[in-house]
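[1] sequence first, predicted coordinates after that:
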Amino acid sequence: MTLIHNALSGALAAQAALSATSQNVANVMTPGYTRQGVLLASVQPLQSGALSAGSGVKVPSLLRFSDNYKTLQMWSAASELGQRNGAQPYLTQLEQVLGEDESGINSGLDAFFGALNAASVEPTSAPLRQQVITTADALAQRFNSLNQVLSNQRASVAQQRLTTIAQVNTLASQIAKLNKEIAHTQGTGVNPSGLIDARDTKIDELASLVAVQVVQQADGSRSVSLRGGQPLVVGARAATMVAVVNADGSQTLTVEFANETFSLANTPLGGLMGGLDEFEHEALVPLMQSITEMANQLADNVNDQLAAGFAIDGSPGLPLFEFDSTGATGVLQVRDGALAAELAFSSDPTTPANSDNLLALIGLQRQPVALPTLGSVSLSDAVTQLVARLGMQSQQNAAAQTTAQTVRNQAEENWKSTSGVNLDEEAANLMQYQQMYQANMKVIAIANELFDSTLAIL
C-alpha cells in the first residue's frame, strides 16, 4: 500500500504542476500575468522503522514568481513617464503658436512700428496716419488671439485634470474591491494569483496618473498613498479625490478619506496630474502673465508718449490703446472712435508737421519692459525671448520623456525576466512533469502486479 500511496501522491503532484504550466502557457500573451509554479515537498514516513523511505510528495502551495522590488520600479517608471507625457502635447502646441512668424506678436510689432516710421516721412499724411491705427488694431488682435489660445489651454488642462481625478477615484475603488476579494480568497484557501495580477495592473494604471507609495499588508491587501502620504486605498476602503475650481481659474485639490480631508497643496503629485501641474504653473501661467504685462506696458508707454504730444489741430494727445486684463473681447483694444488726425505726433501745438513726438514713439520699440519671467528686456526682444524660454522647456521635457520611456521599457523587461512566461521554459516543464506523471503511473502499475502476484501465491 505504501508503494501505491507514494506513486499516487507523485501523480497528483505532477498533475498540479502540469495544471500550473498549462495556465502559464494559456496566458503567455495576457498583459500583467504573473507565471506560477508548484512547490514540492517530501512527506516524512508515517510508519516507524529504518526501512520506511517516506510517504510520498505533497504540494503545500503554488508559487507566484513575483519580485516586489521590480514591481515597484515599474510603477515608479510609469509615474515619471506619465508626468512627461502629460505636459508635452501642450508644450508642443504652444511652441508652434508662439513660433509662428506671420501671425505672431513680433510681426505685429514690426508692422506697427513700421507704420510709425513710414509716417515720419510726412507726419500730416492722413493715409499714413490711418495706417498706424490699422496696424495698431491688428497688433491688439494678435495679443488677444494669443491670450485666447493660452486661456483655452488652461481650460483644457483644468478639464483634463477633472477627467484624470475621476479615473483616479475609479481605480482606487477597484483596487479596494480587489483587496477585499484577495483577503477573502486567501482566508478560504483559494489561489488568489489572478486577483493579485488584476490589482497590480490597476495600481500600474494608477501610477501613470499619480505617483504612489504601496505597502503590502499581512492579509494580502495593499495600501496605496500619494507621495505626500495622503491615503488613496487602505484595505477595502478607497479615498475620493476632489477638485474645487477657484475664481481665478485655478483648482484646489483635496483627498477625502474616513471623514478626514487632506489638502494636496504643494504636494508633488507625479504622473499625468503632476505633468499637468508642472506645465500650468511653470510654463502656462507665467507665459500668460508675461503676455498680459507686455500688452499693459505697451499700451501705457504708447499712451503716455502720445499724451506728451499734440494732434494736427494743436489739441493734446489722446490715448491710442485701451488695456483691460479681464476684458471679454480681449486684453488690448484700440480706443473706440480713434481718428488719424488725433494722433499726437508733434511736440509743438503750432507746428503740425513737427515729428519729434513721433520719433519718440518709434523709440519705444527699444525701450525695456519688465516681464515676470524675463525681467527687463526691450519690447522688440521680449517675444523672442519668451519663445526661446518655452522652446527650452519643451526640449527639456521631450528629452526627459525619451529617458522616461527607456526606463519604463527596461523596468518592464526586468519585471518580465522574473514574472513573465517563457515558452521555452514552460515547454521543458511540460516534458519533465509529463515524465514524472508517467513514471508514477508506472509505479502504480508495478504495485498492482506485485499485489496480484502476492494474492496468487496466497
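    That came through, no problem. Residues are numbered from 1 along each chain as shown.
[2] all helices of the stretch 51-200 of the chain, in order?
    68-98, 105-119, 126-187, 193-209 (DSSP state H, counting those that start in this stretch).
[3] what's near enough to touch the residue nearest to residue 167 when sequence neighbours are not counted?
    Closest residue in space to residue 167, ignoring its immediate chain neighbours: residue 209 at 6.0 Å, by C-beta to C-beta, 6 or more residues apart in numbering. For the C-beta atoms, the positions are set from N, CA and C on the backbone; glycine is no exception. For residue 209, the contact set (C-beta atoms under 8 Å, 6 or more residues apart in numbering) comprises 82, 164, 167, 168, 171, 271, 272, 273.
[4] and these, which are buried?
    The neighbour-count criterion (16 or more other C-beta atoms under 10 Å) marks 82, 164, 167, 168, 171, 271, 272, 273 among those as buried.
[5] next one, pLDDT for the fifth one please.
    According to the model's per-residue confidence, residue 171 sits at a pLDDT of 96.
[6] not counting sequence-adjacent ones, nearest residue to it?
    What sits nearest to residue 171 in space, not counting adjacent residues and going by C-beta to C-beta, 6+ apart, is residue 206, at 4.5 Å.
[7] who touches that neighbour in this structure?
    For residue 206, the contact set (C-beta under 8 Å, 6+ apart) comprises 168, 171, 172, 175, 212, 224, 232.
[8] nearest to residue 347, of those?
    The nearest member of these to residue 347, counting by C-beta to C-beta, is residue 168 at 63.7 Å.
[9] the closest one contacts residue 210, doesn't it?
    Yes: under the criterion of C-beta atoms under 8 Å, residue 168 makes contact with residue 210 at 6.1 Å.
[10] related to what we said a few turns ago, now the residue nearest to residue 167: how far from residue 25?
    Using C-beta to C-beta, to the nearest Å, we find residue 209 at a distance of 33 Å from residue 25.
[11] buried residues, whichever helix or strand residue 16 is part of. List them.
    Secondary structure assignment for residue 16, by DSSP states H and E: helix 2-26. Within helix 2-26, the residues that count as buried by 16+ other C-beta under 10 Å are 4, 6-18, 20-21, 23-24.
[12] quick one on the thing from earlier: can you redo the contacts of residue 209 as a markdown table with distance to residue 376?
    Written out in a markdown table, the entries for those read as follows (distance: C-beta to C-beta, whole Å):
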| residue | distance to residue 376 |
| --- | --- |
| 82 | 38 |
| 164 | 38 |
| 167 | 44 |
| 168 | 43 |
| 171 | 48 |
| 271 | 38 |
| 272 | 37 |
| 273 | 35 |
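[13] so what's the backbone phi/psi at residue 215?
    Note on residue 215: backbone dihedrals following degrees, to the nearest 10 are phi -130, psi 130.
[14] and residue 361, how far is that from residue 423?
    Looking at residue 361 against residue 423, where the rule is C-beta to C-beta, the gap reads 78 Å.
[15] start and end of stretch 253-266, how far apart?
    Its first and final residues considered, stretch 253-266 spans 10 Å by C-alpha to C-alpha, to the nearest Å.
[16] show me where the stretch 251-400 of the chain has strands.
    Listed in chain order, the strands of the stretch 251-400 of the chain (DSSP state E, counting those that start in this stretch) span 251-257, 260-263, 321-323, 332-334, 368-371, 375-378.
[17] most tightly packed of those?
    Each of these was given a mean neighbour count from mean count of other C-beta atoms under 10 Å, and the largest, a mean of 22, is that of strand 332-334.
[18] what's near enough to touch the closest residue to residue 389 other than its chain neighbours?
    If the residues on either side of it in the chain are set aside, residue 389 comes closest to residue 373, at 6.5 Å by C-beta to C-beta, 6+ apart. Contacts were defined as C-beta under 8 Å, 6+ apart; by that measure residue 373 touches 286, 287, 289, 290, 386, 389.
[19] can you rerun that using 7 Å?
    Applying C-beta atoms under 7 Å, 6 or more residues apart in numbering, we find residue 373 in contact with 286, 290, 389.
[20] count of residues packed around the second one?
    Summarising burial for residue 290: neighbours were counted as other C-beta atoms under 10 Å, giving 21.
[21] kindly report the same for residue 240.
    Other residues near residue 240 come to 15 when the count uses other C-beta under 10 Å.
[22] middle-most residue in the chain, spatially?
    Of all residues in the chain, the one closest to the mean position by C-alpha atoms, centre = their mean is residue 272, 1.7 Å from it.
[23] doesn't residue 85 make contact with residue 401?
    Yes: taking contacts as C-beta atoms under 7 Å, residue 401 lies within contact range of residue 85: 6.5 Å.
[24] for the residue nearest to residue 98 when sequence neighbours are not counted, give its distance to residue 381.
    The shortest distance from residue 98 to any non-neighbouring residue, by C-beta to C-beta, 6+ apart, is to residue 387 (4.7 Å). With distances taken as C-beta to C-beta, residue 387 is found 11 Å from residue 381.
[25] quick one, which of these two is more surrounded?
    The neighbour count for residue 387 versus residue 381, taken as other C-beta under 10 Å, is higher for residue 387 (20 against 16).
[26] any idea how far the more buried one is from residue 129?
    Relative to residue 129, residue 387 is positioned 32 Å away (C-beta to C-beta).
[27] show me the shaky parts of the stretch 351-458 of the chain.
    Regions of the stretch 351-458 of the chain meeting the criterion pLDDT under 70 cover residues 458.
[28] show me the helices in it, by range?
    Across the stretch 351-458 of the chain, reading from the start of the chain, the helices by DSSP H, counting those that start in this stretch fall at 356-362, 379-419, 423-457.
[29] roughly how far is the last one from the heart of the chain?
    In this view, helix 423-457 has its centroid 56 Å away from the chain centroid, taken as C-alpha atoms, centre = their mean, to the nearest Å.
[30] next: the first one.
    Mean C-alpha position of helix 356-362 versus that of the full chain (C-alpha atoms, centre = their mean) differs by 50 Å.
[31] mind listing residues that contact it?
    For helix 356-362, using C-beta under 7 Å, 6+ apart, the contacting residues are 113, 116-117, 119-120, 123, 302, 305, 308-309, 344-347.
[32] buried subset of these as a PyMOL selection?
    For the buried members of the contacts of helix 356-362, the matching PyMOL selection, counting by 16+ other C-beta under 10 Å, is:
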select buried, resi 113+116+119+123+302+305+309+344+345+346+347
